[in-house]
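Student: No sequence on hand, only this structure:
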């Protein structure tokens, strides 16, 4: 959103497509019907099913519709927007008009426009239908001819799903949809660059989803690897403090009608037992260094202390249970993409203390819950998602994935992330 606001000031149009929020349950059913040519009898496992799916033509049409909608909203009409003809009922879903046989209905105004790019729609086998592949071919040509003067950033966000709320075949379907969104974005970025167009398509994908796609498709590295940017919110700003502290301060200050100094409203110190933490120390230890952690913390404080006039140490501590609950829920959802329902019981009942002297001690503790997963893979995922970190007491050093460490070393002690202590009932352990 920060990037979107910045590029808007430079004259770019923007659009946000959110996979997790913009797709409804019936949308999944509709798009699945377009894959009825897949011979499920010949598919022996989920990986084979994943490789049989192909949603690229569908997503390209959806993205062209969203682009046309944005241009029309901004007051621009041309042959591209006329051909796409995005106007439809507010009650229709994003796959409206796509048949089970991957065709779209031909509307009267489409014929003359298609003729411009050398396609005579009157000579089709079915005069009222156009294959989605040909439709996209025409759309691309019109796009490059009539949108060259525009600039746009198209954001695809929330490319996430969980095994916790879906069956195995549904997860495979969603993973294939995400994979083909990325492949479509890759193709559209290449097409825009080739035609010297200022259209940029950007995906935001969680690591566990990327890893799942890599596991299911050995060729995915061609369009996934090297196409990512790591955002580091731990970096220090010009005022010599971590950027995440700036995020917290601005969130607090701009919540008022009149700008209120941060330190007049938010506690400068938070104490647990004999230890006292500054705001910076507290955020570094109890968050993962992301802006959404700040938002989650403030929401938790507001929920538990709605009538408070300031956010003191009392209000912060009162919100930690809720903050910890929401944080664990997110981690469990992310782990659920790979490991399923068993993750909840494993972590809630297997973790009994903050520190473990070794990886083996930690594994022994959680494996008593009959966890049926690959040990190395599960521990690696716990580390990469920030559930656990490494600790070397003799050096006073901590190692976290979100601070740039790549793996948990065998000689490290294991530390449970402090942001999860309350929900796991181990803060006082």
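Tutor: Received the coordinates, thanks. Remember, predicted model here, so these are calculated numbers, not experimental data.

Student: So residue 414 lies in a strand, does it not?
Tutor: Yes. Counting by DSSP: H, G, I helix; E, B strand; the rest coil, residue 414 is part of a strand.

Student: I'd like the distance between it and residue 286.
Tutor: In this view, residue 414 and residue 286 are 18 Å apart by Cβ to Cβ, to the nearest Å. To be clear about C-beta, it is placed using only N, CA and C from the backbone, and glycine gets the same treatment.

Student: same thing with residue 20?
Tutor: 26 Å.

Student: Who has more neighbours out of those two?
Tutor: Legend: neighbour count by other Cβ atoms under 10 Å for residue 20 and residue 286, higher for residue 286 (22 against 12).

Student: Quick one: residues contacting residue 281.
Tutor: With contacts defined as Cβ atoms under 8 Å, 6 or more residues apart in numbering, residue 281 has no neighbours.

Student: Mind telling me what element it is part of?
Tutor: helix 279-286 (DSSP states H and E).

Student: And what about residue 70, helix, strand or coil?
Tutor: Per three-state DSSP, residue 70 ends up helix.

Student: surely it meets residue 12?
Tutor: No. Residue 70 lies out of contact with residue 12 (Cβ atoms under 8 Å); the separation is 10.7 Å.

Student: okay, and the common contacts of these two?
Tutor: Common contact partners of residue 70 and residue 12 (Cβ under 8 Å, 6+ apart): residue 152.

Student: Please name the nearest non-neighbouring residue to residue 303.
Tutor: Distance criterion Cβ to Cβ, 6 or more residues apart in numbering; nearest residue to residue 303, sequence neighbours excluded, is residue 322 at 5.6 Å.

Student: returning to that earlier point: please pull up the helix or strand immediately following the helix holding residue 281.
Tutor: Moving toward the C-terminus from helix 279-286, the next helix or strand (DSSP H and E) is helix 291-304.

Student: Just the mean pLDDT for that next one, thanks.
Tutor: The pLDDT scores in helix 291-304 average 91.

Student: Begin at 29 from now on, thanks
Tutor: Taking 29 as the first residue, the last one we looked at is helix 319-332.

Student: List the buried residues of whichever helix or strand comes after that helix.
Tutor: Next along the chain after helix 319-332, taking DSSP H and E as the criterion, comes helix 341-367. For helix 341-367, a neighbour-count test (16 or more other Cβ atoms under 10 Å) marks 341, 343-348, 350-352, 354-356, 358-367 as buried.

Student: what packs against the helix or strand following helix 341-367?
Tutor: Per DSSP H and E, the first helix or strand lying C-terminal to helix 341-367 is helix 370-378. Applying 3 or more Cβ pairs under 8 Å, 6 or more residues apart in numbering; DSSP states H and E, one finds that helix 370-378 makes contact with helix 341-367, helix 387-395.

Student: between those, which gets nearest to residue 302?
Tutor: Relative to residue 302, the nearest member of these by Cβ to Cβ is helix 341-367, separated by 14.4 Å.

Student: quick one on the thing from earlier: measure the residue nearest to residue 331 to residue 371 for me?
Tutor: 21 Å.

Student: same question, residue 131
Tutor: As judged by Cβ to Cβ, residue 131 and residue 371 stand 42 Å apart.

Student: higher neighbour count, the two?
Tutor: residue 371 (28 against 20).

Student: and residue 35, what is it in contact with?
Tutor: Neighbouring residues of residue 35 by Cβ under 8 Å, 6+ apart: 42, 181.

Student: what about it, distance to residue 274?
Tutor: The value you get for residue 35 to residue 274, if Cβ to Cβ is used, is 21 Å.

Student: now residue 141
Tutor: For residue 141, the distance to residue 274 equals 49 Å [Cβ to Cβ].

Student: Between those two, which is the more surrounded one?
Tutor: Neighbours per residue (other Cβ under 10 Å) separate residue 141 from residue 274, with residue 141 holding more: 21 against 17.

Student: Determine whether the claim that the more buried one is in a helix is correct.
Tutor: Yes. Under three-state DSSP, residue 141 sits within a helix.

Student: Quick check: buried residues in stretch 414-434?
Tutor: Of all the residues in stretch 414-434, those buried under the rule 16+ other Cβ under 10 Å are 414, 415, 416, 417, 418, 419, 426, 427, 428, 429, 430, 433.

Student: So which residues make contact with stretch 213-228?
Tutor: Residues from elsewhere that reach stretch 213-228 (Cβ under 8 Å, 6+ apart): 40, 84, 88, 91, 95, 168, 171-172, 175-176, 178-182, 184, 229-231, 251, 255.
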